[in-house]
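**Student:** Provide a 3D model corresponding to the input given below.
(one chain, ligands or ions: 2)
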Amino acid sequence: MKDKHNVRCLTERVLVIGLGLIGGSLASALRTRGICRTVIGYDRDKDELETGLRLGIVDEAAADLLAAAAQADVIVLAVPVKAIETVLAEILPVLRTDTILTDVGSVKGNVVRSATRLFGCVPNRFIPGHPIAGSEKSGVAAADATLFEHHKVIITPLPQSDSDAVTLIARMWQAVGAQVLQMDVERHDEVLAATSHLPHLLAFSLVDTLAQEQDCNDIFRYAAGGFRDFTRVAASDPTMWHDIGLANKQAILQKIDEFTAGVGRLRKAIETEDSVAMLGIFTRAKAAREHFSKILSGSAYTQNNMMTKDTTFYAQPGGQVQGTIRAPGDKSISHRSIMLGSLADGVTEITGFLEGEDSLATLQAFRDMGVVIEGPHQGAVKIYGVGINGLRQPPGPIYVGNSGTTIRLMSGLLAGQSFDSELSGDASLSKRPMERVAKPLRLMGAQVETGENGCPPVKIKGGQALKAISYEMPMASAQVKSCVMLAGLYAEGETTVIEPAPTRDHTERMLRGFGYPVDVDGNKVSLAGGGSLKATKIDVPADISSSTFFMVAAAICPGSDITLEHVGINPTRIGVINILRAMGSNLELLNEREVGGEPVADIRIRYAPLKGIKIPEDQVPLAIDEFPALFIAAVCAEGETVLTGAEELRVKESDRIQAMVDGLKTLGADIEGTPDGAIIRGSKMGGGVIESHDDHRIAMSFTIASLRATGNIEIRECANVATSFPNFIELAQHVGIRVRKEEK
Ligand SMILES: O=C(O)C1=C[C@@H](OP(=O)(O)O)[C@@H](O)[C@H](O)C1
Ligand SMILES: C=C(OP(=O)(O)O)C(=O)O
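**Tutor:** Ligands and ions are numbered 1, 2, ... in the order given. Predicted coordinates for the structure are as follows:
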C-alpha cells in the first residue's frame, strides 16, 4: 500500500483524540508523510477541531467521538493524563477488538491503572507511549509536523502486549522521525520525574516565588539570560502540569526530596563559606552538563559508543609537512597527575593536561569518588586532594571508556580502599587482559574478580588488609608495574616490582614529585606503604606518542621539515627517536630541559631517506605505542625492517600487528605478520578502505600514510582518536596533510 507521498501506509484510519500540541503535531506528521490513509481528529473544543481541519492538520474532523472510535484502526489518546480514564470509559463500548490504542501521556503508571480499572487489565492492544517532544506552546495552532524528528518516544509495553501492536506503534513513531525506546512503566515514571517533571515544577516554583516578592517587576526587568533559560518552561500549560504532578506523585515527591537535600547542601556550603564544597557542586554539575551536551550532539565517548557518531577520515595522497606545532599533553602523565593529585594532601595544579577521552575518564572517576577537581580548562586542572585515605565510594560502577591505563592503575589503587568498586569500559577495552593486574593484587591479599576470559569488568572487594610483595613481572608493562605500586601505597611493608625490561617510569617520578620515597635499583622498584603525598605543581609535556605521527610524517615525506615543541623525552619513552635515527632520519633534539621531573625538548625532523633495520628488542617497550606509525615509516624505507619481541602489541586497543598488516596489505604494501612482530619491506602504497578497529593509533597511522600513498585512503571508525589526540585532524591539516573528517 503506497500513499500519496510514496511512503508505505502503515494502517487505514487513525483517530487522534485531543488536538493539542502533541496530538495536532502527530496528526499533521501522519498526514503530511502519508503514514495512514486517513487522519481523523477529535477535540472537545470545537474551535480547536475546526482550526485543525482548516489548517490541514487532519483529513476529517469527527463530530461524533463514538462513531469515529468505532471505525478507527488506531486510536491515539492525546488528551491530558487526567482525562485519559474518562475518554477511555467513553469509547469503551464501541471499541473493536482489533483496534490498537496508544496514548501520549508523560506519566505511564496512572494510564496503566486507569486501563486496569476499566478493562480489568490492560488490553493487549493498548500500548502506552510517551513522545518526549513537548514545548511550552500549546493548542492545535502550534502543531508542527516536524516536532518529533530526532526526538525520543518511549513506549512501555506490558508483558501481555500484542507484539504486532507494539511493532505498529513503534513504526508509526519512527515514521514521523522519532527514535523509539522501550522501558518498564515504573522505570519510565522514575526517569521522567527526574528529567522532566522536576525541572518543570522547579521552574514554576521559582517564578511563582519571585513573582510574589514586592519588587518583582524590578527583578523581572533586570532578569538576564540565566533566568530566561532556567524558567522558560514555567510558561507551560498549568492544567497539564497539575495533572502530571498528581499522576506521578510518588516519584515526583522522591525527586523533590532529593533536590531539597541537594539545595540544603549548597545552602550550607554558602553559609559556612566552604569553597571546596561549593566548587565541588559546581564542577560536578558543569562536567555532567557538558557530558549531556556531548551526548546530545553525538560526540560523547560513552558505553559501547552508542552515543558516538560514525567518524570517517578521508585522506588524499601526496603533500608534505611543514611547521611548528605542539601535540597535546602526555596521556600517561595526565592520568597519573589526576590519581596522585587526588590522593595528595593539599591543592595540586596541573598545566598541559590532556583533554582527551581517556584522561577525562580518569578525571571523572575521581570526581565520582568525591574529589573536587576544577577544569580542565585549556589544559589547566586544579585538584583539591583528599589525602591517601580520603576517597569515597563512587555511586556505581566506574566507566573508564577505552582506557587501559585507567582500568589497570585504578585496580591497584582501589584494591587498597575500604569500599567495594567495579571498573568497566567500552567494547575494545572489554576484550583486553586484566588478569595481569588481578594476579599480583591477589598475591597482596586483594579480592579482585575479572569477567569472562579475564577481561573487564574488574570487581574489587574493599576493606582488605594488603601486604607487600616482591613481584617479578612476566611482561614488560608499565601499567602492571604502576598498578602494583599504587596498591603498595596501602600495603603493609615494602612492595617491590621487578621488570624484565625498562618500561615508562612516570609513576616512580611523579610519586617522588609528590614527596613519596621510591627506591629504584636496576630493574627493581620499591616503595613502603603507609606514607602520604604532598600536593605539587605539574607541567605535563606534549605526548611523544602523539608527536610520533608528525615525526614519522616528516621522516617519510621529501621536502618536509617539522618542529614539535615541548615534547616529553623521558628515557623510557624515546624508543621512537632511537629507531627513527637508526633508520636514517634527520632528527634533532633542541632546547633540552627538565620540567617538573620530566626531561623535555623540541624535536625538529627533516626528511631524509630511510633504510630498513632490525629493530633492537630492548627498544620495544620504549616505543610500544609508536609501532603503528613506525610500520608506516618502514614501508617508506628502503629494504627490510624486522620487528620481534612485540607480542604485547596484540593486546592493545586492537591487535595492532594484525590491524597494521591488514591495512597495509589493503594499500598494497609488502608486509608479513609474525606472532611477535612483522617483516616489512619498502614498497609502494596505493589507496583503499582501512578499518581502524576502533583504535586511535591505527587511524592516525593510516592518515600519515597518505603522504606517500598514490590513492585516496578512507579510514573507518575514527571517533576513537579523541581518546588520546582530540585535535589531531586540525593539526594534521595545519601542517599540510590532506585529510578531512566526516561524522554521521
Ligand atoms: O603506563 C602507561 O601509561 C602505559 C603503558 C603502556 O601499556 P602496557 O603497560 O600495557 O605496556 C602503554 O601501551 C600505554 O599506552 C600507557
Ligand atoms: C595502549 C594505549 O593506551 P591504554 O592502554 O591506556 O588504552 C595507547 O594509547 O596506545
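**Student:** Spit out the contact partners of the residue in the stretch 351-500 of the chain that ligand 2 sits nearest to.
**Tutor:** Proximity of the stretch 351-500 of the chain to ligand 2 (CB to the nearest ligand atom) peaks at Gly404, 2.6 Å away. For every residue, glycine as well, the C-beta is placed using N, CA and C. Contact analysis of Gly404 by CB atoms under 8 Å, 6 or more residues apart in numbering lists 429, 432, 479, 652-653.
**Student:** Kindly recompute the last result at 7 Å.
**Tutor:** Taking CB atoms under 7 Å, 6 or more residues apart in numbering, we find Gly404 in contact with 429, 432, 479.
**Student:** and Glu422, helix, strand or coil?
**Tutor:** Put simply, Glu422 is strand when judged by DSSP: H, G, I helix; E, B strand; the rest coil.
**Student:** Roughly how far does it sit from ligand 1?
**Tutor:** 21 Å (CB to the nearest ligand atom, to the nearest Å).
**Student:** Okay, and the beta partners of that residue?
**Tutor:** According to DSSP bridges, the residues that bridge with Glu422 are Lys459.
**Student:** quick one on the thing from earlier: among the contacts of Gly404, which are in reach of ligand 2?
**Tutor:** With CB under 6 Å from any ligand atom as the criterion, the contacts of Gly404 include none near ligand 2.
**Student:** The residues you listed in helices, which ones?
**Tutor:** Gln479 (DSSP state H).
**Student:** Could you dump the contacts of Gly404 into CSV and include pLDDT and distance to Ala554?
**Tutor:** CSV is the format used below for these (pLDDT from 0 to 100; distance: CB to CB, whole Å):
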residue, pLDDT, distance to Ala554
Leu429, 95, 32
Arg432, 96, 32
Gln479, 98, 30
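**Student:** got a winner among the contacts of Gly404 for most neighbours?
**Tutor:** Leu429 (25 neighbours; other CB atoms under 10 Å).
**Student:** Report the contact partners of it.
**Tutor:** Taking CB under 7 Å, 6+ apart, we find Leu429 in contact with 400, 402-404, 407, 456.
**Student:** which one of those is nearest Pro157?
**Tutor:** When the contacts of Leu429 are compared for distance to Pro157 (CB to CB), Pro456 comes out closest, at 32.4 Å.
**Student:** Give me the phi and psi angles of that closest one.
**Tutor:** In terms of degrees, to the nearest 10, the main-chain angles of Pro456 are phi -60, psi 160.
**Student:** cool, Asn124 as well?
**Tutor:** For Asn124, the backbone dihedrals are phi -70, psi -10 (criterion: degrees, to the nearest 10).
**Student:** ok, it touching Ser161?
**Tutor:** Yes. Between Asn124 and Ser161 there is a contact at 5.7 Å, judged by CB atoms under 7 Å.
**Student:** ok, which residues in the protein are in contact with ligand 1?
**Tutor:** Residues of the chain lying near ligand 1 by CB under 6 Å from any ligand atom: 332, 405, 477-479, 482, 504, 624-625, 648.
**Student:** Let's see which of the residues you listed end up in helices.
**Tutor:** Counting by DSSP H, these place 332, 405, 478-479, 482 in helices.
**Student:** contact partners of the worst-scoring helix or strand of the chain on mean pLDDT?
**Tutor:** Least confident helix or strand, the chain: helix 216-222 with a mean of 76, by mean pLDDT, DSSP states H and E. With CB under 7 Å, 6+ apart as the test, helix 216-222 has contacts from 210, 213.
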